[in-house]
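In: here is my input, please return the structure:
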Amino acid sequence: MTTPRGQLIAVDGVNGQAVRQTSRALARTARRQRAAVSTWDASGIFTELTLAEEEAGRPSARTLLLLYAADLAFRLRWEISPALEEGRTVIAAQYVNTAVAFGCAAGLDAATVVDLFAFAPAADETRIVHEAVSRELADGYGFVEFACHHVFLPGKKAQRRDLRARARRALDGITPVLHDPPDSGRRRPAR
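Out: So this is what the prediction gives:
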């Protein structure tokens with residue numbers, strides 16, 4: 001007897017604390033499916049970035065998206081895929097749409113950003129948390145707060161605030177991004 005594949009629920013949003021709270025609430029309601037939460041920076045890439053010397057300079061938005069893609073690949077390999085194969089529900093607390101929204105807000109080509117995440121399987125369900133972004137990095141930050149904080153030099157609060165607001169608007173306008181292997185039988189929405 002084979003175990004049925006689990007369910008992947010993506011929770012995206014620009015407010016990291018609100019995304020985490022929503023993810024935990026979903027995990028509590030999906031206890032029967034032995035729900036697990038996979039959060040961004042599971043690989044520790046971004047934690048390491050905060051420890052980098054000043055001489056390393058500030059990463060560009062493109063670099064941060066490449067690091068996010070590497071972190072997501074780590075999460076898929078070590079957290080998400082194994083749990084799905086066990087038939088568990090996995091809640092991905094900040095998945096593809098969050099990164100796409102940040103990339104669009106930063107002025108990167110949307111199609112290029114979407115293609116960067118083509119390796120990520122489509123979520124069975126997507127929840128968008130519409131709560132405004134946190135003002136302070138210390139408020140349980142998520143990817144967008146982290147990225148906005150690290151793209152601009154200290155003292156550039158107006159630029160950070162503007163980028164966070166653009167990311168929120170971009171996320172509100174995104175149709176959930178779906179990528180499926182050709183043999184999955186699932187259909188992708190028209191773009």
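
In: tell me the secondary structure of residue 62, please.
Out: Assigned by DSSP: H, G, I helix; E, B strand; the rest coil, the conformation of residue 62 is helix.

In: next, count neighbours for the residue nearest to it when sequence neighbours are not counted.
Out: What sits nearest to residue 62 in space, not counting adjacent residues and going by CB to CB, 6 or more residues apart in numbering, is residue 108, at 6.4 Å. All C-beta atoms are positioned from the backbone trio N, CA, C, and that covers glycine. Look at residue 108: counted by other CB atoms under 10 Å, it has 17 neighbours.

In: ditto for residue 163
Out: Residue 163 has 23 neighbouring residues, counting by other CB under 10 Å.

In: verify the contact between it and residue 146 for me.
Out: No: with contact defined as CB atoms under 8 Å, residue 163 does not count as touching residue 146 (11.9 Å).

In: can you pull out the strands in the chain?
Out: With DSSP state E as the criterion, the chain has strands at 8-13, 36-39, 90-93, 125-129.

In: can you put those in TSV and add distance to residue 67, mean neighbour count and mean pLDDT?
Out: As requested, the strands of the chain are exported to TSV (distance: least, CB to CB, whole Å; neighbours: other CB atoms under 10 Å; pLDDT from 0 to 100):
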stretch	distance to residue 67	mean neighbour count	mean pLDDT
strand 8-13	18	26	96
strand 36-39	15	19	95
strand 90-93	17	28	97
strand 125-129	22	18	94
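
In: CSV please, covering those and showing distance to residue 116.
Out: Putting those into CSV (distance: least, CB to CB, whole Å) gives the following:
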stretch, distance to residue 116
strand 8-13, 16
strand 36-39, 19
strand 90-93, 16
strand 125-129, 18
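
In: of those, which is nearest residue 26?
Out: Minimum separation from residue 26 across those (CB to CB) falls at strand 90-93, 5.1 Å.

In: other SSEs contacting the closest one?
Out: Where contact means 3 or more CB pairs under 8 Å, 6 or more residues apart in numbering; DSSP states H and E, strand 90-93 is packed against strand 8-13, helix 16-29, strand 36-39.

In: just so I know, which of the ones you listed lies nearest residue 125?
Out: strand 8-13 (4.7 Å).

In: any idea of the angle the closest one forms with strand 125-129?
Out: Between strand 8-13 and strand 125-129, the angle comes out at 20 degrees (axes from the mean of the first three to the mean of the last three CA atoms, to 10 degrees).

In: sheet partners, orientation included, of strand 8-13?
Out: Strands that pair with strand 8-13, judged by DSSP bridges, come out as strand 90-93 (parallel), strand 125-129 (parallel).
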